[in-house]
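*Asks:* Okay, here's the prediction I keep looking at, along with the sequence it came from:
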Amino acid sequence: SAVISQKPSRDICQRGTSLTIQCQVDSQVTMMFWYRQQPGQSLTLIATANQGSEATYESGFVIDKFPISRPNLTFSTLTVSNMSPEDSSIYLCSVGTGRHQPQHFGDGTRLSIL
Amino acid sequence: KQEVTQIPAALSVPEGENLVLNCSFTDSAIYNLQWFRQDPGKGLTSLLLIQSSQREQTSGRLNASLDKSSGRSTLYIAASQPGDSATYLCAVWTGTASKLTFGTGTRLQVTL
């Protein structure tokens, strides 16, 4: 299975600032996704990162707040903009090669906003 | 809209017991169902993937079954060990949505 590296692994940020999370995969993948896991909750899909085009956002998530880039088939970034304490969560990158194959996850980025 | 529910939310068993975790989903038009484990402070580890045409998958002490028509899956863990302590999540890939929808999770603790 693909090896997924996510950076940073954790961060503590000030209110109003922005943080960019990187996701690097050791092989080309068709699909890359970004999820949020709020404390004590399950995973919620933020968006699907599309190579060479704008990301597809889920209901409740907007590009201005969570801009996403995917310049190639092995790399994506998620930016959490103008952060508030409500953004304190684990953000996870996930990759897949099709609906008949398992989806794999990075170790996540633990983000705390003061 | 697909909804995935897991029961129980938490479970504590003594070491050596066999146990069953349950997952139910509302839309049976799925392509596959995947079981994950999540250790505290970690990402997700894929355990088993069951295609919609399959009835079960096995990996070591783990066996997952799928009844697509009734919208149910079970994860059977044989001879549980303290190292099995984690949160177990099921997720379904629904055709119309083209994405994984996650369940609420079952937090398992295996005691000595």
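*Replies:* Structure received.

*Asks:* those helices in chain A, which residues are they?
*Replies:* Taking DSSP state H, chain A contains no helices at all.

*Asks:* Quick check: residues of it near chain B?
*Replies:* Counting by Cβ under 8 Å from any Cβ of the partner chain, chain A comes close to chain B at A:1, A:6, A:33, A:42-45, A:48, A:58, A:92, A:94, A:99-108, A:110. All C-beta atoms are positioned from the backbone trio N, CA, C, and that covers glycine.

*Asks:* Low-confidence ranges, chain B, go.
*Replies:* By pLDDT under 70, the weakly predicted segments of chain B are B:96.

*Asks:* what comes into contact with the helix or strand hosting residue B:63?
*Replies:* Assigned by DSSP states H and E, residue B:63 belongs to strand B:62-67. Contacts to strand B:62-67, defined as Cβ atoms under 8 Å, 6 or more residues apart in numbering or on different chains, come from residues B:33, B:35, B:47-48, B:50, B:52, B:54-58, B:72-78.

*Asks:* switch the cut-off to 7 Å
*Replies:* With Cβ atoms under 7 Å, 6 or more residues apart in numbering or on different chains as the test, strand B:62-67 has contacts from B:33, B:35, B:47-48, B:50, B:54-57, B:73-77.

*Asks:* who touches the following helix or strand past that strand?
*Replies:* Heading C-terminal from strand B:62-67, the first helix or strand you meet, by DSSP H and E, is strand B:72-77. Residues outside strand B:72-77 that contact it (Cβ under 7 Å, 6+ apart) are B:18-24, B:33, B:35, B:61-66, B:84, B:88, B:90.

*Asks:* Show me how to select, in ChimeraX, the buried members of those residues.
*Replies:* Listed next is the ChimeraX selection for buried residues among those, using 16 or more other Cβ atoms under 10 Å in any protein chain shown:
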select /B:19,21,23,24,33,35,62,63,64,65,66,84,88,90
